[in-house]
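Colleague: just coords:
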């Protein structure tokens, strides 16, 4: 089955996920995380992407970014992916692929979901049981947003900047967002959109994206499949991140 074309629009935020092959580790030491983040920053500058949030997990990466051009995100991820694979193969004397196919990306309706998606990304280490507080995990953007730690990679979105007129006010307001649990329905929507490379937003937003792209952005619903015990085809094979 041919893979679905990407949904790319300049100046529309993207939630990007890239996984290690077969869910295997892709970061092994502190130097690996630092190498990835350095070249992520360099690549974002070269290809024109504003990085709003990130987390580097042991076997996958989440990014929230806004591309300046239609091909900005693809250029960044392809360049960074190749460079990082070459680095890992050289350092660890291995060969072959590291990533699980191409990265996945979903368009995000900023007004509805940007800060939710940002929280979702930065809470990954907590949901995975690696830390109890997101500030205890060193490889995410949480410390920049909530604690004011300098991070040259981050280019804050206007919606984050609107949390306060001063940096300390924004950080305090952002920390308050983390005092409550994320709504399960919102989690499901973020995971579904990311896993299936769909639009994350309202029906109106989806129609606007379809009009801008000149094509459908939601797959046609499939009927029942024989031998599936009555399970709808639309419910089969949802590949979303459980964290």
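Modeller: Happy to help now that I have it. Computed from a prediction, not measured in an experiment: that's the story for all the values here.
Colleague: Quick check: beta-bridge partners of residue 64?
Modeller: In this entry, residue 64 is beta-bridged to residue 15, residue 53, by DSSP bridges.
Colleague: residue boundaries of the strands in the protein?
Modeller: Assigned by DSSP state E, the chain shows strands spanning 14-19, 49-56, 60-67, 104-107.
Colleague: okay, these in a markdown table with distance to residue 29, mean neighbour count and mean pLDDT next?
Modeller: Backbone N, C-alpha and C define where each C-beta goes, glycine included. A markdown table is the format used below for the strands of the chain (distance: least, CB to CB, whole Å; neighbours: other CB atoms under 10 Å; pLDDT from 0 to 100):
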| stretch | distance to residue 29 | mean neighbour count | mean pLDDT |
| --- | --- | --- | --- |
| strand 14-19 | 19 | 23 | 97 |
| strand 49-56 | 12 | 24 | 98 |
| strand 60-67 | 16 | 24 | 98 |
| strand 104-107 | 26 | 24 | 94 |
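Colleague: what's the closest of these to residue 113?
Modeller: Proximity to residue 113 (CB to CB) singles out strand 14-19 among the strands of the chain, at 8.6 Å.
Colleague: Which strands or helices does that closest one pack on?
Modeller: strand 60-67, helix 72-91, strand 104-107, helix 184-196 (3 or more CB pairs under 8 Å, 6 or more residues apart in numbering; DSSP states H and E).
Colleague: for the ones you listed, which one sits closest to residue 166?
Modeller: Short answer: strand 60-67, nearest of these by CB to CB, at 23.2 Å.
Colleague: For the closest one, what is the distance to the chain centroid?
Modeller: 4 Å (CA atoms, centre = their mean, to the nearest Å).
Colleague: so what's residue 60 bridging to?
Modeller: Counting by DSSP bridges, residue 60 forms beta bridges with residue 19.
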